[in-house]
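Undergrad: Sequence below, structure please.
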Amino acid sequence: FPFFYDKLEKANAFLTRVIAEADRPLDDREVVDSLYSPIPDGGWWPEFARLVAKYGIVPAYAMPDTVSAGNSEAMNEHLATLLRRTALRLRAAVADGADPEPLRRTALEQVHRMLCIHLGTPPEEFVWQYRDKNKEFHRVGTLTPRQFAQRYVTGVEEFVVVAHDPRPEIAVNTRYGMGRSDVMVGEPVQDHVTAELEVLKAAAIAAIQDGEPVWFACDVAKQRDKKAGIWDAALHDYEGLYGVDLSMTKAERLVTRESALTHAMCLTGVDLINGTARRWRVENSWGDKLGDKGFHTMSDSWFDEYVFEVVVRAGRGPRRPGDRADHAAQLGPDGLRRPGTSGPTSAFLRHFPDIFCPFPGGPSQASSHLLQLRFALERDQFIRRRTRRWHVEDGDSRVRCSRRCACRSTGSRSPACAISRPTRS
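TA: Numbers count the residues shown, from 1 in each chain. A predicted model of the protein is given here:
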């Protein structure tokens, strides 16, 4: 359901941008980038939150996955062909002084038709019924996707993106937007707050302690064993194999495009030793044949090197006495501040001097503010995720992962089972 509307919104944003940039040459770098990937998969957390707010969401049975939902290559190829073809005709219409809007609307209708063929038609309403953990049947009645979201998927807009970007030109404790990331017409670009790495970890630990999984973005293919479901910064000794120095800092990998944010997953658990994270439990979306039934182990060293963003509630940054949330500000082309609208990120804003921060990789179009981010950990001894019977107690020699786990009977920590064998509660 959200995948359908994500594609539809991206198509509309692409066509709208083509019209706005019709006077640019086809070999303009940003035009080339748009045409190269007009309707990609994936996205950022703010995009998901906006999709839920606009369209709602449905249980899986109301719009089951299709083959194209799991393997979108053919669908994307054909959609991209349609959009590129339309882009040329939109540019020609603008050059001739004609109205491009009929072309845009026709193309969008065709995108909608193709999406329905590949993914199915999104339901306008559905009957919400389920069985609870005691196997008792409940029938709530007919709901629309937005009614379902308003009842069961609340608070999505309260989350903010906190990023670790160690490039020297990127200021810490600053709000950035990403150029050309406005994939929904009428919505702002995707934004995030930069912070030190330890702030990201503290926020993630605090969320897990409160029973919430943590969405995070990373460079997923580096130093991993995909089948075993293990990530560790020193997992493969390529330098020992080749006899050459391949080391690069996190900042060096970013500026040379050696690293990028390539995938998003969820943190669902953490192993703490004296309050310090040693390894993290990760839930991925690649099915249950990888890792331990879809769950993976990530060492804290890999977090240091290859994790770039976490998404947490804005309220995890405690306010100081006398502080209040401020409105975001928009910097116009003339450099003057204009009042903006408050949003989840603005809950972090403090009364510091406004500074202008250009968007990485794009034109300088939006605002940034100095931010104060302080996360206090009230507990570091007990970690629990509500939907997994798995936790670690600081100083305990045992990792309890299920009633059937061997470590419960032997009393010793087993690496094979320490971060495995989740049991549904």
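
Undergrad: So, low pLDDT: which residues of the stretch 1-150 of the chain?
TA: Within the stretch 1-150 of the chain, no stretch has pLDDT under 70.

Undergrad: where exactly do the strands run in it?
TA: 126-131, 137-143 (DSSP state E, counting those that start in this stretch).

Undergrad: Packed most tightly, which of those would that be?
TA: The highest mean neighbour count among those, using mean count of other CB atoms under 10 Å, belongs to strand 126-131: a mean of 13. Where you see a C-beta, it was placed from the backbone N, CA and C, and this is true even at glycine.

Undergrad: Out of the strands of the stretch 1-150 of the chain, flag the one nearest Asp245.
TA: Closest approach to Asp245 among those (CB to CB): strand 126-131, 56.3 Å.

Undergrad: from memory Ile170 sits against Ala195, does it?
TA: No - look at Ile170 against Ala195 with CB atoms under 8 Å: they stay out of range, at 11.0 Å.

Undergrad: more neighbours, those two?
TA: Ala195 (24 against 16; other CB atoms under 10 Å).

Undergrad: what residues are up against that one?
TA: Contact analysis of Ala195 by CB atoms under 8 Å, 6 or more residues apart in numbering lists Val162, Ala163, His164, Val172, Asn173, Leu373.

Undergrad: Thr194 now?
TA: So Thr194 contacts Val162, Ala163, His164, Asp165, Ile170, Ala171, Val172, Asn173, Thr174, Arg175, Tyr176 (CB under 8 Å, 6+ apart).

Undergrad: again, but for Val172
TA: Val172 touches Thr194, Ala195, Glu196, counting by CB under 8 Å, 6+ apart.

Undergrad: what about the helices in this structure?
TA: All helices of the chain, identified by DSSP state H, fall at 2-20, 29-36, 45-55, 67-70, 73-95, 101-119, 145-152, 197-209, 238-242, 250-255, 300-306, 406-410, 415-418.

Undergrad: Now do the buried residues in the fourth one.
TA: The neighbour-count check on helix 67-70 (16 or more other CB atoms under 10 Å) flags Ser68, Ala69 as buried.

Undergrad: Likewise for the first one?
TA: Within helix 2-20, the residues that count as buried by 16+ other CB under 10 Å are 2-19.

Undergrad: helices or strands next to the longest strand belonging to the chain in the packing?
TA: Criterion DSSP state E: the longest strand present in the chain is strand 263-273. For strand 263-273, the elements it packs on are helix 197-209, strand 214-218, strand 276-283, judged by 3 or more CB pairs under 8 Å, 6 or more residues apart in numbering; DSSP states H and E.

Undergrad: Report the angle between that strand and helix 197-209.
TA: Orientation of strand 263-273 against helix 197-209 (axes from the mean of the first three to the mean of the last three CA atoms, to 10 degrees) gives an angle of 80 degrees.

Undergrad: where's the residue nearest to Asp245 when sequence neighbours are not counted relative to Lys222, distance?
TA: Spatial nearest neighbour of Asp245, chain neighbours left out: Glu239 (6.3 Å); criterion: CB to CB, 6 or more residues apart in numbering. Distance, Glu239 to Lys222, by CB to CB, to the nearest Å: 14 Å.

Undergrad: And those two? Which one has more around it.
TA: Between Glu239 and Lys222, Lys222 has the larger neighbour count (other CB under 10 Å), namely 17 against 12.

Undergrad: which residues sit in contact with the more buried one?
TA: If you count contacts by CB under 8 Å, 6+ apart, Lys222 has them with Ser259, Glu305, Tyr306.

Undergrad: Pretty sure the second one sits against Ala251.
TA: It refers to Glu305. No - using CB under 8 Å as the test, Glu305 is too far from Ala251 to be in contact (11.0 Å).

Undergrad: Compute the first-to-last residue distance for stretch 128-137.
TA: Length of stretch 128-137, first residue to last, CA to CA, to the nearest Å: 11 Å.

Undergrad: Let me fix that, I meant to ask about stretch 151-166.
TA: Length of stretch 151-166, first residue to last, CA to CA: 40 Å.

Undergrad: Going by neighbour count, which residues in it are buried?
TA: Those would be Val156, Phe159, Val160, Val161, Val162, Ala163, His164, Asp165, Pro166, for stretch 151-166 by 16+ other CB under 10 Å.

Undergrad: ok, these vs Thr81, which is closest?
TA: Of the buried residues of stretch 151-166, the one sitting nearest to Thr81 (CB to CB) turns out to be Val161, at 32.6 Å.

Undergrad: Tell me how many other residues crowd the closest residue to that closest one other than its chain neighbours.
TA: Spatially, and ignoring its direct neighbours in sequence, Val161 is nearest to His192 (3.9 Å; CB to CB, 6+ apart). Using other CB under 10 Å, His192 has 24 other residues around it.

Undergrad: How about the contacts made by His192?
TA: Val160, Val161, Val162, Ala163, Arg175, Tyr176, Met178, Glu309, Thr345.

Undergrad: Tell me how many other residues surround Pro40.
TA: That count, for Pro40 with other CB under 10 Å as the rule, works out to 14.

Undergrad: Understood, closing this out.
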